[in-house]
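Engineer: I'd like to go over a predicted model; first the sequence, then the structure.
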Amino acid sequence: MNGKKLIIVGLYVFTNTVISWYFNGKSLLGVDDANIYFIFMQNLSEGGGFVYNMGSEKIEPTSILWTIIGSFVFIFSNSPEAVLIIVNIIFITFTLYKITCFIDKHFPTKSIISQESLLFLILLSIIPGYFDWTILSLMDTGIWSSLLLLASINILDDFDNKNKQNLEFLTLTILIILCRPDGLLWAPFLTSLKLFKYYTHHNSFLK
């Protein structure tokens, strides 16, 4: 792992998050369905299970994975919204770091980060709402997009350690299924792409 590149990407994500936060009313409360998630997270952290109202019937939240992550935050923090923003910053930083590594692998450079990666990051900053929805929304959109992007990179990239690559893909696929109901469609679709790539490389599914 390139530590300097990771720091650069981390500062980039943090700066864009602060800018987005400033121009969106300096709110840490999330948007849209974030507060519904907070109720599920709090009830789960207090031992009530996946329920919207304590003592009522169990209801599956839209994202089981995000609810579980948030429930741990509610257990250990009195300011869960701020901590969840930090969690999202970590997810997005790691994802964008992996994307820049993928880009730099195809556009080798002597610099810490290539011009192509810098162009990608600049264009991402221009896209309206990216950091608002992946970080400040406090919904599952951040981790959901991260998992899809990481799985896509896994399929496109050629790792030196194939066993590690396959284990990583399996882990990402399981997390995608747990993240959203859409994952039940995305997981077999991504797996089909993975198999197709193997077949085009080896002319065999067995390998």
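Structural biologist: Arrived safely.
Engineer: From here on, just use CA atoms for contacts and neighbour counts.
Structural biologist: OK.
Engineer: which regions of the chain sit below the pLDDT cut-off?
Structural biologist: 1, 204-207 (pLDDT under 70).
Engineer: all helices in this structure, in order from the N-terminus.
Structural biologist: Shown for the chain, the helices assigned by DSSP state H span residues 3-22, 34-45, 64-76, 80-106, 115-126, 130-131, 141-156, 162-179, 183-202.
Engineer: Can I get those helices in CSV including distance to E57?
Structural biologist: CSV is the format used below for these (distance: least, CA to CA, whole Å):
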stretch, distance to E57
helix 3-22, 36
helix 34-45, 12
helix 64-76, 16
helix 80-106, 25
helix 115-126, 42
helix 130-131, 35
helix 141-156, 26
helix 162-179, 21
helix 183-202, 24
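Engineer: Dump these to a markdown table, plus distance to G55 and mean neighbour count.
Structural biologist: As requested, the helices of the chain are exported to a markdown table (distance: least, CA to CA, whole Å; neighbours: other CA atoms under 10 Å):
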| stretch | distance to G55 | mean neighbour count |
| --- | --- | --- |
| helix 3-22 | 36 | 16 |
| helix 34-45 | 10 | 21 |
| helix 64-76 | 17 | 19 |
| helix 80-106 | 23 | 19 |
| helix 115-126 | 44 | 14 |
| helix 130-131 | 36 | 20 |
| helix 141-156 | 28 | 20 |
| helix 162-179 | 24 | 16 |
| helix 183-202 | 29 | 15 |
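Engineer: Of all those helices, which one is nearest N53?
Structural biologist: helix 34-45 (7.7 Å; CA to CA).
Engineer: can you state the direction angle for the closest one and helix 64-76?
Structural biologist: 70 degrees (axes from the mean of the first three to the mean of the last three CA atoms, to 10 degrees).
Engineer: Output helix 34-45 as PDB, restricted to C-alpha atoms.
Structural biologist: The C-alpha trace of helix 34-45 is given here as PDB (Å, rounded to 0.1, in the frame of the first residue of the first chain):
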ATOM      1  CA  ALA A  34     -31.000   8.500   7.400                       C
ATOM      2  CA  ASN A  35     -33.100   9.000  10.600                       C
ATOM      3  CA  ILE A  36     -35.000   5.800   9.800                       C
ATOM      4  CA  TYR A  37     -31.700   4.000   9.800                       C
ATOM      5  CA  PHE A  38     -30.800   5.700  13.100                       C
ATOM      6  CA  ILE A  39     -33.900   4.300  14.800                       C
ATOM      7  CA  PHE A  40     -33.000   0.800  13.500                       C
ATOM      8  CA  MET A  41     -29.400   1.200  14.600                       C
ATOM      9  CA  GLN A  42     -30.300   2.400  18.100                       C
ATOM     10  CA  ASN A  43     -32.900  -0.400  18.600                       C
ATOM     11  CA  LEU A  44     -30.400  -3.000  17.500                       C
ATOM     12  CA  SER A  45     -27.700  -1.600  19.700                       C
END
